[in-house]
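**Q** I would like to see how this sequence folds:
(chains A, B, C and D)
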Number of protein chains: 2
Amino acid sequence: MSKPPSHDPRRTLTLRDVSEASGVSEMTVSRVLRNRGDVSETTRERVLEAARNLGYVPNKIAGALASQRVNLVGVIIPSLSNMVFPEVMTGISEVLEDTGLQPVVGVSNYLHDREEQVIYEMLSWRPSGLILAGVEHSDASRAMLAQAGVPIVEIMDVDGTPVDSAVGISHRRAGRKMANAIIAAGYRRIAFLGTHMPEQDTRARKRLEGFEEALAGAGLSLVDREYYAGGSSLLKGREMTQALLNRTPDVDFLYYSNDMIGAGGLLHCLDQGLDVPGKIGLAGFNGMELLDGLPRQLATMDACRLEIGQKSAEIIAGKRPDGVIGGEVIELTPTLQLGDTIRRA
Amino acid sequence: MSKPPSHDPRRTLTLRDVSEASGVSEMTVSRVLRNRGDVSETTRERVLEAARNLGYVPNKIAGALASQRVNLVGVIIPSLSNMVFPEVMTGISEVLEDTGLQPVVGVSNYLHDREEQVIYEMLSWRPSGLILAGVEHSDASRAMLAQAGVPIVEIMDVDGTPVDSAVGISHRRAGRKMANAIIAAGYRRIAFLGTHMPEQDTRARKRLEGFEEALAGAGLSLVDREYYAGGSSLLKGREMTQALLNRTPDVDFLYYSNDMIGAGGLLHCLDQGLDVPGKIGLAGFNGMELLDGLPRQLATMDACRLEIGQKSAEIIAGKRPDGVIGGEVIELTPTLQLGDTIRRA
DNA sequence: CCCAGGACTGTTAGCGCTATCAATAGCAGA
DNA sequence: TCTGCTATTGATAGCGCTAACAGTCCTGGG
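**A** Numbers count the residues shown, from 1 in each chain, chains lettered A, B, ... in the order given. This next block holds a predicted model:
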């Protein structure tokens, strides 16, 4: 295609190489490559051709240092395999796409220590903003975030005090809402199945807390609970459900901490020929579209993942309509989908 | 906790601030913070305390520019919602964890143009290496990669000519293997259901090509095919399967391009009371553990995702046992799992 | 008591790019 | 012709950090 580069191939190219090849100053090359400032059309073309021929790729490290601007936005999530987060990412990318900002993903594995490291690592690249899941962080993390001097958006959860901005839902309220719907449908012997969550998944815990609160309000309490560790899958859901049903055969509702294990439970119940939702109801959390094709539609609650991603990115990009600068808390309202696993009035 | 910082809070902290606060030179601070070179224990502690009090976070941009070293590894994948890639990421992170390298994810949305942009963007940060999915790239992309001067690993697929190293499976061979198993089980009227993949998913296409090759070798050809666009889900699988069965009721095997739609198809067939695998067999691709709890285990083929991630990271980290430097091609062999949806001899 | 050598700390130059301002040219209006 | 602008290009000075080398001080052997 293009002429082979004439420079020493071992050395990496710099602006100077392009400048020499095109006969203008480095500054002019820089202007052309960034599309900034006035450059005559002829010069522009000459420079672009030289850059193309050489195969020059700018060094953003130097550029960022000189300009004190970095077009990166750090996104810190607990896990990639959770499927919730890829969808949030989609929302983020969507919005950032036409802002010149680029998301950079870090994974904390639900560990606060690990999160702290990732925050430190990210901040050391001086990103234009940081989006991170949850409002619970180590003291050191909060201190770093508060000092960072860039917009910080905590997502997924608004039950707590954010460092700066926050976008999410109230998981406590979500739990209450689900509980109320279940109670309203006449279920009384309700059990919970979910992550073993000492510190792990705070949001699941908050949902459960809200759930139990609402039960208590109706004079009820959980008749049994079953925890598991590790990734969620259909199989896990089946196993847990079987275990629980063996132990407490007379439950009439199974509340799962997420749709995946809920779906597993549903399959198990159907296999057993149980009357769903007549004798036993089920509900999960998350509104996983993925699972739409199951024999029955699992009752669930949408966590507004896409919207959370979008709104958080808008905050970072300074795109919020009202021109607010920081400290904004956006609470979204999850919709309850009764599906086919909670009986209707 | 710590004393409030005494510097102007608007300005971001630099080494100099820590140096002044601790009464040593910037260089010594740098040494302490990077844990490099000899520093007396007392000095070290003094510096660390000063840094902690101030809440100093090093500027890696400056550091990278000065040292010409960047501890970042670019990973470019087509999509996060595919579930295949998160698992690859897990393998990568696992290996990079104790090398001081940090993965940075970019998403190409299965578009070569977009991929080219992401490659350019990533290379402009001068990462220590690049891992990217597939061996098909635009000419410009290949040129950039070849010039980059850092290890490049193309993953998932080895049917093609990699720029540098590659780790993956032969999708063509995988398709053939599956076809042969299906033929051996006595199925004859075989249909394909999968992504509408003009350019989209090259690997799915290669599998199909291999599949059809093997059919042809046995004097067979696909009796029907059904394509879809968009993300895969159980529901999509159901719909496609229904459409295909309506059109061609006498098929005896359904070969899906991935497990998710395969699972949807399986649910549909079971709903319809079809005799699986007696009258009709099904197979997918990917070995999604996620789906393990389905009523029947779908026949599938493991794509070695975790291992691909690990091996590719090892190459970047220079950890390959044999000390090979580059240009290594590692072909992994996917295992066929017959599950419950291909009849046994 | 002197000096080699180790342990520790400091000084000097950039890394490759961009912000800023200066310089030059070209051209219309006074 | 001179002035005042605009359009275009260049020169200079860092951005915050680290590599490389240059001390400085102290210790033990001769």
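**Q** which secondary structure element is home to whatever residue of the stretch 51-200 of chain A ends up closest to DNA strand D?
**A** Nearest to DNA strand D in the stretch 51-200 of chain A, going by CB to the nearest atom of the strand, is residue A:66, at a distance of 3.4 Å. Heads up, the C-betas are built off the backbone N, CA and C, glycines and all. Taking DSSP states H and E as the criterion, residue A:66 maps to helix A:60-67.
**Q** direction included, what does the following helix or strand past that helix pair up with?
**A** Moving toward the C-terminus from helix A:60-67, the next helix or strand (DSSP H and E) is strand A:72-77. Sheet pairing for strand A:72-77, assigned by DSSP bridges, gives strand A:102-107 (parallel), strand A:129-133 (parallel).
**Q** can you list contacts of the helix or strand just after strand A:72-77?
**A** Once the chain leaves strand A:72-77, the next helix or strand it forms, by DSSP H and E, is helix A:84-96. Residues outside helix A:84-96 that contact it (CB atoms under 8 Å, 6 or more residues apart in numbering or on different chains) are A:73, A:75, A:77-80, A:102-103, A:105, A:131, A:133, A:155-156, A:286, A:303, A:305-314, A:316-317, A:319, B:80-81, B:86, B:107.
**Q** what's the average pLDDT for helix A:84-96?
**A** Mean per-residue pLDDT for helix A:84-96: 92.
**Q** now do the buried residues in that helix.
**A** Residues of helix A:84-96 classed as buried: A:84, A:85, A:86, A:87, A:88, A:89, A:90, A:91, A:92, A:93, A:95, A:96 (neighbour count, 16 or more other CB atoms under 10 Å in any protein chain shown).
**Q** now the angle from that helix to helix B:84-96?
**A** Compare the direction of helix A:84-96 with that of helix B:84-96 by axes from the mean of the first three to the mean of the last three CA atoms, to 10 degrees and you get 100 degrees.
**Q** same for whichever helix in chain A runs longest, what does it pack against?
**A** Ranked by residue count under DSSP state H, the longest helix found in chain A is helix A:202-217. Where contact means 3 or more CB pairs under 8 Å, 6 or more residues apart in numbering or on different chains; DSSP states H and E, helix A:202-217 is packed against strand A:152-157, helix A:171-184, strand A:190-195.
**Q** go again with 10 Å.
**A** strand A:152-157, strand A:165-169, helix A:171-184, strand A:190-195, strand A:253-256 (3 or more CB pairs under 10 Å, 6 or more residues apart in numbering or on different chains; DSSP states H and E).
**Q** deepest of these, which one?
**A** Sort the helices and strands packed on helix A:202-217 by mean neighbour count, taking mean count of other CB atoms under 10 Å in any protein chain shown, and strand A:253-256 sits at the top with a mean of 29.
**Q** report the mean per-residue pLDDT for the following helix or strand past that one.
**A** Following strand A:253-256 in sequence order, the next helix or strand is helix A:259-271 (DSSP H and E). In this model, helix A:259-271 has a mean pLDDT of 94.
**Q** any buried residues in helix A:259-271, and which?
**A** Per 16+ other CB under 10 Å, helix A:259-271 contains these buried residues: A:259, A:260, A:261, A:262, A:263, A:264, A:265, A:266, A:267, A:268, A:269.
**Q** of those, closest to DNA strand D?
**A** residue A:260 (43.5 Å).
**Q** report the secondary structure state of the nearest residue to the closest one once chain neighbours are set aside.
**A** Leaving aside its sequence neighbours, residue A:260 sits nearest to residue A:232 (CB to CB, 6 or more residues apart in numbering or on different chains; 4.2 Å). Following DSSP: H, G, I helix; E, B strand; the rest coil, residue A:232 is assigned to coil.
**Q** dihedrals phi and psi, residue A:232?
**A** phi -90, psi 140 (degrees, to the nearest 10).
**Q** that one against residue A:239, yeah?
**A** No. Counting by CB atoms under 10 Å, residue A:239 is not a contact partner of residue A:232; they are 11.6 Å apart.
**Q** picking that back up, show the buried residues in the contacts of helix A:84-96.
**A** A:73, A:75, A:77-80, A:102-103, A:105, A:131, A:133, A:155-156, A:286, A:303, A:305-314, A:316-317, B:80-81, B:86, B:107.
**Q** in the stretch 151-300 of chain A, what residue lies closest to DNA strand C?
**A** Taking CB to the nearest atom of the strand, the stretch 151-300 of chain A has residue A:151 as its residue nearest DNA strand C, at 19.8 Å.
**Q** what's near enough to touch the residue nearest to residue A:126 when sequence neighbours are not counted?
**A** Spatially, and ignoring its direct neighbours in sequence, residue A:126 is nearest to residue A:70 (5.1 Å; CB to CB, 6+ apart). Applying CB atoms under 10 Å, 6 or more residues apart in numbering or on different chains to residue A:70 gives the contacts A:60-61, A:63-64, A:101-102, A:104, A:125-129, A:150, B:61, B:125.
**Q** where does residue A:70 land on pLDDT?
**A** Reported pLDDT for residue A:70: 96.
**Q** and the strands paired with strand A:72-77, which one averages the lowest pLDDT?
**A** strand A:102-107 (a mean of 93).
**Q** which of the residues in whatever helix or strand comes next after that strand are buried?
**A** Proceeding N to C from strand A:102-107, the next assigned helix or strand is helix A:112-123, under DSSP H and E. Using 16+ other CB under 10 Å as the burial criterion, the residues of helix A:112-123 that qualify are A:112, A:114, A:115, A:116, A:118, A:119, A:121, A:122, A:123.
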